[in-house]
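J.: give me coordinates for this.
(one chain, ligands or ions: 2)
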Amino acid sequence: MSGGPYSDDRSNRDRSIANPAGAGAGTAQPVAGGGEAHAAPGGPYLVGEAMTGGYGRGADILHGCTIAVERGEIAVIVGPNGAGKSTAMKALFGMLSLREGAVTLAGEEITELAPQARVARGMGFVPQNGNIFTSMTVEENLEMGAFLRRDDFRGTMEQVYDLFPVLRDKRRQAAGELSGGQRQQVAVGRALMTQPKVLMLDEPTAGVSPIVMDELFDRIIEVARTGLPVLMVEQNARQALEIADRGYVLVQGRNAHTGTGRELLADAEVRRSFLGG
Ligand SMILES: Nc1ncnc2c1ncn2[C@@H]1O[C@H](COP(=O)(O)OP(=O)(O)O)[C@@H](O)[C@H]1O
Ligand SMILES: [Mg+2]
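T.: Ligands and ions are numbered 1, 2, ... in the order given. Below you'll find the predicted structure:
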């Protein structure tokens with residue numbers, strides 16, 4: 001392999017994760033641009049191709065499920081409870097062993113890599129549950145996110161605080177004392193501290209009010225606009241598809257419908273079955 005997983009780190013290092021208003025359009029380095037140096041072909045950045053598998057020796061939960069996110073795009077997975085959305089995310093992150101299928105990151109197959117190794121290669125994952133350390137302060141949570149880094153991560157922390165200003169105000173508070181929406185910001189911020197090249201979020205708006213949901217979506221769009229591909233699972237299907245470049249409807253571990261967010265929102269069958277008409 002020419003060029004290791006960090007071959008384009010230099011160009012990504014200075015990238016603003018949130019491209020705050022003052023930064024100007026020119027400073028945001030899209031991942032696609034920063035990635036020119038390595039051998040990745042033009043395909044989607046992260047792909048789980050025809051994934052089949054389940055937990056331990058249990059029955060298969062995923063049945064040939066395919067999920068992909070392109071550079072610079074937001075991909076959204078929706079579907080009923082128990083459809084296997086979280087399982088698909090865990091499969092992409094290496095938390096279950098697939099019986100069939102493959103996971104590819106930036107053109108390299110990583111199907112056998114452990115989750116930790118995937119983090120080192122640029123995958124940032126915010127799981128659905130247990131995604132923050134509640135007894136630690138906000139700032140300690142962010143520091144935990146940087147555990148793999150050897151360089152100075154203060155700049156990234158400032159970027160996270162610029163993206164989520166309330167976290168700066170509450171940085172000395174225990175994360176467990178924060179509201180649901182603020183905790184989700186901590187979880188996303190913690191993932192961003194690794195300077196990921198792809199961000200995976202499992203139900204980032206679970207249990208928050210519609211207003212807080214809108215705010216979180218705005219921040220997620222902001223992050224995606226810097227060129228960071230975002231793959232997220234959402235139970236707020238309609239709102240999520242509205243911001244999705246690509247949408248996946250999963251049913252019983254299978255791809256039921258796939259298309260642009262707009263196509264899925266316009267699809268009569270998707271509307272009737274999954275969007276309440
Ligand atoms: N850790 C686990 N061990 C065994 N089965 C699990 C585990 N997590 C989820 N499942 C099962 O996998 C199926 C899909 O669950 P999940 O991926 O969490 O669905 P979703 O996220 O779409 O609601 C369900 O039948 C669930 O009971
Ligand atoms: Mg789930």
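J.: switch to C-alpha atoms for all contacts and neighbour counts from now on
T.: Noted.
J.: now for the residue lying closest to Glu109 once chain neighbours are set aside: which residues touch it?
T.: Leaving aside its chain neighbours, Glu109 sits nearest to Val103 (5.8 Å; criterion: C-alpha to C-alpha, 6 or more residues apart in numbering). Counting by C-alpha atoms under 8 Å, 6 or more residues apart in numbering, Val103 touches 46-49, 92, 109-111.
J.: hmm, 6 Å instead?
T.: 47-48, 109-111 (C-alpha atoms under 6 Å, 6 or more residues apart in numbering).
J.: and what of Ala68?
T.: Counting by C-alpha under 6 Å, 6+ apart, Ala68 has contacts 46-47.
J.: tell me the bridge partners for it.
T.: Val47 (DSSP bridges).
J.: can you tell me how far it is from ligand 1?
T.: 17 Å (C-alpha to the nearest ligand atom, to the nearest Å).
J.: what about that residue, distance to Val47?
T.: According to C-alpha to C-alpha, to the nearest Å, Ala68 stands 4 Å off from Val47.
J.: please, which helix or strand holds the residue nearest to Glu109?
T.: strand 100-105 (DSSP states H and E).
J.: what pairs with the following helix or strand past that strand, parallel or antiparallel?
T.: With elements assigned by DSSP H and E, the helix or strand that comes after strand 100-105 is strand 108-109. Strand 108-109 pairs in its sheet with strand 100-105 (antiparallel), by DSSP bridges.
J.: can you give me how far the strand it pairs with is from the chain middle?
T.: Mean C-alpha position of strand 100-105 versus that of the full chain (C-alpha atoms, centre = their mean, to the nearest Å) differs by 17 Å.
J.: kindly export it (C-alpha atoms) in CSV.
T.: C-alpha atoms of strand 100-105 as CSV (Å, rounded to 0.1, in the frame of the first residue of the first chain):
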residue,chain,number,x,y,z
GLU,A,100,-20.4,-12.2,4.8
GLY,A,101,-19.7,-8.8,3.2
ALA,A,102,-17.0,-6.3,3.6
VAL,A,103,-16.2,-2.9,5.1
THR,A,104,-14.1,-0.5,3.1
LEU,A,105,-12.7,2.8,4.3
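J.: for burial, what's the neighbour tally of Ser209?
T.: 12 (other C-alpha atoms under 10 Å).
J.: distance of it relative to Glu215?
T.: 10 Å.
J.: so, low pLDDT: which residues of the stretch 51-200 of the chain?
T.: Counting by pLDDT under 70, the stretch 51-200 of the chain contains no low-confidence residues.
J.: near ligand 1, which residues of it?
T.: Residues of the stretch 51-200 of the chain found near ligand 1 (C-alpha under 6 Å from any ligand atom) are 55, 61, 81-87.
J.: which one of these sits closest to Leu241?
T.: Leu241 lies nearest to Lys85 out of these, by C-alpha to C-alpha, at 15.0 Å.
J.: how many neighbours does Asp152 have?
T.: 9.
J.: so when I look at it, I'm seeing a helix, right?
T.: No: counting by DSSP: H, G, I helix; E, B strand; the rest coil, Asp152 falls outside a helix, being coil.
J.: from ligand 1, how far off is it?
T.: Taken as C-alpha to the nearest ligand atom, the span from Asp152 to ligand 1 is 36 Å.
J.: before we move on, what about Tyr248?
T.: For Tyr248 relative to ligand 1 (C-alpha to the nearest ligand atom), the value is 12 Å.
J.: tell me the strands beside the strand or helix carrying that residue, with direction?
T.: Tyr248 belongs to strand 246-251 when assigned by DSSP H and E. Here strand 246-251 is paired, per DSSP bridges, with strand 74-78 (parallel), strand 254-259 (antiparallel).
J.: is there any residue in the longest one that contacts ligand 1?
T.: No: among the residues of strand 254-259, none lie within reach of ligand 1 under C-alpha under 6 Å from any ligand atom; the closest is 10.7 Å away.
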